[in-house]
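In: any chance you can model this:
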Amino acid sequence: MKRALIACLIAGAAVLVTAAPAAAHNTLIGSDPKDKTSLETGPSAVTLTFDQDVQGGEGINTISVVDANGGHYEAAGDPTIKDNAVTAKVNALGKAGQYKIGYRVLSADGHPVSGELTFTLTKDGTGTPTTPANPTASGDSGSGGGLPVWVWVVGAVVLLGGGVFLALRGGGAKA
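Out: Sure, this is the predicted structure:
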């Protein structure tokens, strides 16, 4: 019985240790324009600042600017990345109202991170909406990426079951 308890403790520790890196995803720490701000004129660019560097690459990171009717205003092309800041150009905005900034970036730990900010345009702009510059830049905050929780649960059950099996199988000798 002592071996089964030790096997369970080792299996539990292994699950906890291997799950720890998932907590290292980037966190948004600032934006221009700021979240929930009001602007008289639309920004020519959106800059998002994270707590860690963002990984780059073609088609990996996206920023979208979407009006209340789903019209897109982000300029075509990939955002630029400088260390922990991601910047995307924005076309002239349209009618006054609320706009959403959706983002999906590749975190320093290799997992995608997504989210959404809003701002309000108080005066009509001269722009008209376009189709999305990036098919994945929909403003959808998504799931945050990484492995689903069920994978960790199945892994823990398999590891724990294997440990108990091995402990009971060798349980013929008395300690």
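In: what strand or helix carries Phe119?
Out: Counting by DSSP states H and E, the element that carries Phe119 is strand 112-121.
In: the spatially most central residue of the chain pairs with what?
Out: Compute the mean C-alpha point of the chain, and by C-alpha atoms, centre = their mean the closest residue is Val113, 1.2 Å away. Note on Val113: beta-bridge partners by DSSP bridges are Val105.
In: show the contacting residues for it.
Out: His25, Asn26, Thr27, Leu28, Phe50, Arg104, Val105, Leu106, Ser107, Gly144, Gly145 (C-beta atoms under 8 Å, 6 or more residues apart in numbering). Placement of C-beta: from N, CA and C, glycine included.
In: which intervals of this structure have sub-threshold pLDDT?
Out: 1-9, 11-24, 133-151, 171-175 (pLDDT under 70).
In: just how off-centre is whichever strand or helix holds Val46 within its chain?
Out: Using DSSP H and E, Val46 falls within strand 45-50. Computed by C-alpha atoms, centre = their mean, to the nearest Å, the chain-centroid distance of strand 45-50 equals 14 Å.
In: what's that strand packed up against?
Out: On a contact count with 3 or more C-beta pairs under 8 Å, 6 or more residues apart in numbering; DSSP states H and E, strand 45-50 meets strand 28-32, strand 62-67, strand 85-89, strand 97-106.
In: could you say which of those is packed most deeply?
Out: Highest mean neighbour count of the helices and strands packed on strand 45-50: strand 62-67, a mean of 25 (counted as mean count of other C-beta atoms under 10 Å).
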